[in-house]
Every structure is written in C-alpha cells, then in structure tokens.
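Asker: everything below, folded, please.
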Amino acid sequence: MATMIKEEKYIVYIGTEEYELRVQELLWGSEPWPERFRAQIPASAERKATTLFGSTGREAAERATEYLSCYSSVHTRLSHAKTMLMV
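Answerer: Predicted coordinates for the structure are as follows:
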C-alpha cells in the first residue's frame, strides 16, 4: 500500500552551522506514527540518529531544533518552506 506524506523543509541556524530539517506529515498510509508529524535527524560524529514526533509540524521542528542545540549553546533561528512528497 502506498503512503502519502506532506513534507516541510525548515532551515535552522545554530551558531555558524546551518541545518536543513525535513518535517513530514503522514496524510494517509498503512504505517501509523505516534504523532502526525515527524522530523528525522541523521547521525553525525557528535550525535546518534533519531526521529522526533509532534502534533504539529512546528512542534516537530522545535523538538528537532532542541535536540540539535543540545550539542551547541548558541541561540537558534528558524525558517521554513513547504513541499509535497508522495512516497
């Protein structure tokens, strides 16, 4: 069975580093998620990969930003652009 996902792209700045967050919304599909939105953070040398969920896209992005900022003490700035994805 196919899954339909709506995707929003958030650009997060932590210090001088720029991160691109892909927040996905499950519109329909066979695979249920704990909450409607998710942000997947890839692994790096400083952190392990994780998936964070939220009831809104903004909430998932904010949780992902908090997770990323655990590795930096600098304030963050958030902006986003929307896209649509069919998987």
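
Asker: beta partners of the residue most central in space within the chain?
Answerer: Among the residues of the chain, residue 39 comes closest to the average C-alpha position under Cα atoms, centre = their mean, at 2.5 Å. Judged by DSSP bridges, the bridge partners of residue 39 are residue 23, residue 52.

Asker: residue 68 in helix, strand or coil?
Answerer: Following DSSP: H, G, I helix; E, B strand; the rest coil, we place residue 68 in the helix state.

Asker: would you agree it is in contact with residue 12?
Answerer: Yes. Taking Cβ atoms under 8 Å as the definition, residue 68 is a contact partner of residue 12 at 6.6 Å. Heads up, the C-betas are built off the backbone N, CA and C, glycines and all.

Asker: I'd like the mean pLDDT over stretch 5-16, please.
Answerer: For stretch 5-16, mean pLDDT is 89.

Asker: what comes up buried for it?
Answerer: Within stretch 5-16, the residues that count as buried by 16 or more other Cβ atoms under 10 Å are 5-6, 8, 10, 12, 14.

Asker: return the closest of those with respect to residue 61.
Answerer: Nearest to residue 61 among the buried residues of stretch 5-16 is residue 10, at 4.6 Å by Cβ to Cβ.
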